[in-house]
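K.L.:
Pasting the sequence and the predicted model now:
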Amino acid sequence: MPLISLADGLDHARKHRYALGAFNVLDSHFLRALFAAARQERSPFIINIAEVHFKYVSLDSLVEAVKFEAARHDIPVVLNLDHGLHFESVVRALRLGFSSVMFDGSTLEYEENIRQTREVVKMCHAVGVSVEAELGAVGGDEGGALYGHADESLFTDPQLARDFVDRTGIDALAVAIGNAHGKYKGEPKLDFPRLDAIRQQTALPLVLHGGSGISDEDFRRAITLGIHKINFYTGYVAGCAGGGGITDD
């Protein structure tokens, strides 16, 4: 079936009280495995292709493979640009037919993050593409560094979250509540009261990056508090590579 928008996928997830899994792919082997699992579980899902991975993949060919597999399966699938950092990458994703863009302006000053995110939203919404953005800074390193102590000063501020959502017009908000990209050192401790406060301040589906290493119990609790997209990558890549490899979430 054709690719669906992130907004449509998240709307279904909210109504049925679950979270969409979002999985980064680097090649057709990852892709076929994900479709096989989704077919077995009869579950919609999200394919992430991260900007930092562009240098490792033939992007045009990978996107064509995604579309080919999607057309062969009766499974709702979102194709998402993960952690888009530059306008050029967003434009490239739109031209290739991505159905969702995650724009990451989290390292920018707050007002600049709003300005750039708003521009991305304007561009994407004009062609029917959903936008996810990040407020606060999810720990760890897209390049694969291990994650240690959580810096609470970088967590998402619930009051700013409401302002950010209102002023940007995004479709989903990625939050920083103690989650991290890459491998966790020790057991991650998610700030659930903060997540609940963010949920109460916004009317949007919330996104949890850095799903690898988080317990099933914490996943279930996060879903009850508004998380409807969970990024997962490091865990299954480490399993395939014997603990090594390129990491993202």
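P.N.:
Happy to help now that I have it.
K.L.:
show me the contacts for residue 137.
P.N.:
106, 107, 154, 176 (C-beta atoms under 8 Å, 6 or more residues apart in numbering). Heads up, the C-betas are built off the backbone N, CA and C, glycines and all.
K.L.:
same question, residue 19
P.N.:
With contacts defined as C-beta under 8 Å, 6+ apart, the neighbours of residue 19 are 13, 208, 219, 222, 223, 227, 228, 229, 230.
K.L.:
And the first one, how far from residue 22?
P.N.:
What it means is residue 13. Counting by C-beta to C-beta, to the nearest Å, the gap from residue 13 to residue 22 is 11 Å.
K.L.:
ditto for the fourth one
P.N.:
To residue 22, residue 222 is 14 Å away according to C-beta to C-beta.
K.L.:
Neighbour count for these two, which is higher?
P.N.:
residue 22 (27 against 23; other C-beta atoms under 10 Å).
K.L.:
That one belongs to a strand?
P.N.:
Yes: when DSSP: H, G, I helix; E, B strand; the rest coil is applied, residue 22 is found to be in a strand.
K.L.:
residue ranges of the strands in this protein, please?
P.N.:
Assigned strands in the chain, in chain order: 20-24, 45-50, 77-84, 100-103, 130-135, 172-175, 206-208, 227-232 (criterion: DSSP state E).
K.L.:
Determine which stretch of those strands is the most buried.
P.N.:
The highest mean neighbour count among these belongs to strand 100-103 (a mean of 29), with neighbours defined as mean count of other C-beta atoms under 10 Å.
K.L.:
quick one: it to chain centroid distance?
P.N.:
Chain-centre distance of strand 100-103: 8 Å, with C-alpha atoms, centre = their mean, to the nearest Å.
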